[in-house]
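Chemist: Predicted model and sequence below, questions to follow.
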Amino acid sequence: MFKPATKSNLKIRLALSGSAGSGKTYSSLAIASNISQKIAVIDTERGSASRYADLFQFDVCELDSHHPAKYIEAIIAAEANGYEVIIIDSLSHAWYAELELAGTNRGGGTSFDGWKNVRPLERKLLDAIVSSRCHIIVTMRSKTEWDTTQRDSNGKMKPTKIGTAPIQTSGIEYEFDIAGELSAEHILYISKSRCPELQDTSWLKPGVELAQALKNWMSTAPIRLSSAPIVAAVHPQDLRVKQIRTLLDYPVDLVKEWLQFQDVKTPSQLEVTKVDELVKVMCLAWASDKIDHPNHAQNSYAKHVVDAVVKGGEEVVTIQNWMQHIQSPHQASVKA
């Protein structure tokens with residue numbers, strides 16, 4: 001009756017939510033492309049995925065009807081045609097269709113009694129996703145709202161666009177192994193994960209590193225995809241430096257030169273304090289042409305980044321906030 005548990009047949013169930021422009025479609029393609037080259041996209045966003053056809057290799061099925069049965073039909077077809085990853089972009093349109101089915105009666109009025117007929121359709125779609133033989137990545141829209149509690153250095157209100165709960169049935173995230181929210185700055189925050197290494201982590205422009213972390217989780221042993229070489233897990237300090245370097249648009253060659261001066265090849269070979277030093281070097285280099293005096297730049301970095309991290313702030317987010325602070329009109333006028 002019982003047998004040893006194994007992850008050999010584990011398939012990814014990943015949900016990405018975010019407001020418009022947060023990078024849901026691009027991120028799903030970037031992650032999927034580093035898992036397999038056999039990708040099927042179920043597109044309900046009027047061909048948005050196809051805009052990335054020059055960057056990623058995939059096949060697409062554009063749904064005109066968003067009835068849950070059409071999603072199920074497309075999932076079954078993708079499995080039958082040998083695809084290994086299915087991207088559903090987006091699952092929110094199924095929710096819109098369910099609302100219409102539940103809220104309209106034969107007389108043209110609205111009645112939520114219709115849910116007794118819609119819930120089984122909803123459940124069948126979720127079952128098709130959970131039981132699929134393919135890896136599944138879904139995107140979901142989030143309601144766009146504005147946080148008006150933030151203030152700039154002058155105390156003036158600084159509205160910030162935020163994403164709220166995904167537009168789908170309540171508790172949808174529990175159907176997936178990993179669920180995360182993309183910010184307007186393309187940072188993915190993992191809010192729910194059955195993979196311990198990913199819980200409460202953040203990823204700037206998620207792609208190859210997150211895909212590799214997912215592949216490592218699926219198997220307790222190194223795995224090989226197609227003819228690609230076996231790739232080791234990404235060390236957190238290496239990932240840390242890469243995320244910050246990407247955010248700052250700092251030249252990778254300069255990072256390599258700095259590491260060579262330390263007689264190492266990767267940040268993971270350094271003590272954490274040395275990696276802190278490298279992060280500071282990159283940040284101050286970015287600010288060098290934006291703040292006239294070096295001491296002012298260092299004081300600003302210490303106040304807005306170091307102190308914020310000590311208080312529990314996410315490092316990438318604090319650096320991003322610091323960059324926005326420096327580039328604010330008030331700061332620009334001070335420099336001038």
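Modeler: Sure thing, it's come through.

Chemist: alpha carbons only for contacts and neighbour counts from here, please
Modeler: OK.

Chemist: Give me the phi and psi angles of the residue nearest to Asp64 when sequence neighbours are not counted.
Modeler: Leaving aside its chain neighbours, Asp64 sits nearest to Thr44 (7.1 Å; criterion: C-alpha to C-alpha, 6 or more residues apart in numbering). For Thr44, the backbone dihedrals are phi -110, psi 10 (criterion: degrees, to the nearest 10).

Chemist: And for Tyr52, the neighbour number?
Modeler: Applying the criterion other C-alpha atoms under 10 Å, we find 14 residues in the vicinity of Tyr52.

Chemist: show me what contacts the residue nearest to Asp64?
Modeler: Thr44 makes contact with 62-64, 66, 89-90, 93, according to C-alpha atoms under 8 Å, 6 or more residues apart in numbering.

Chemist: Compile the residues you listed into CSV and extend it with columns for distance to Lys303 and neighbour count.
Modeler: What follows is the contacts of Thr44, written out as CSV (distance: C-alpha to C-alpha, whole Å; neighbours: other C-alpha atoms under 10 Å):
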residue, distance to Lys303, neighbour count
Glu62, 49, 17
Leu63, 50, 16
Asp64, 52, 11
His66, 50, 18
Asp89, 41, 26
Ser90, 41, 24
His93, 44, 20
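
Chemist: which ones among those residues are found in helices?
Modeler: Taking DSSP state H as the definition of helices, the contacts of Thr44 contribute His93.

Chemist: and of the contacts of Thr44, the nearest to Leu278?
Modeler: Set against Leu278, the nearest of the contacts of Thr44 by C-alpha to C-alpha is Asp89 (38.3 Å).

Chemist: hang on, the earlier thing: so for the residue nearest to Asp64, what's the pLDDT?
Modeler: According to the predicted model, the pLDDT of Thr44 comes to 93.

Chemist: again with the one 4 residues further on
Modeler: Looking at Ser48, its pLDDT reads 89.

Chemist: what about it, neighbour count?
Modeler: Here the count is done by other C-alpha under 10 Å, and Ser48 has 14 residues near it.

Chemist: Ok, Lys280 next?
Modeler: Using other C-alpha under 10 Å, Lys280 has 17 neighbouring residues.

Chemist: try Glu271
Modeler: A count of nearby residues for Glu271, using other C-alpha under 10 Å, gives 10.

Chemist: ok, it to Gly180 distance?
Modeler: 30 Å (C-alpha to C-alpha, to the nearest Å).

Chemist: same check, this time on Asn216
Modeler: Using C-alpha to C-alpha, Asn216 is found at 19 Å from Gly180.

Chemist: Of the two, which one has the most company?
Modeler: Of the pair Asn216 and Gly180, Gly180 is the one with more neighbours under other C-alpha under 10 Å, namely 24 against 18.

Chemist: Which strand residues bridge that one?
Modeler: Leu16, Ile190 (DSSP bridges).

Chemist: Surely it and Ser191 touch.
Modeler: Yes. Contact between Gly180 and Ser191 holds when scored by C-alpha atoms under 8 Å: they sit 5.2 Å apart.
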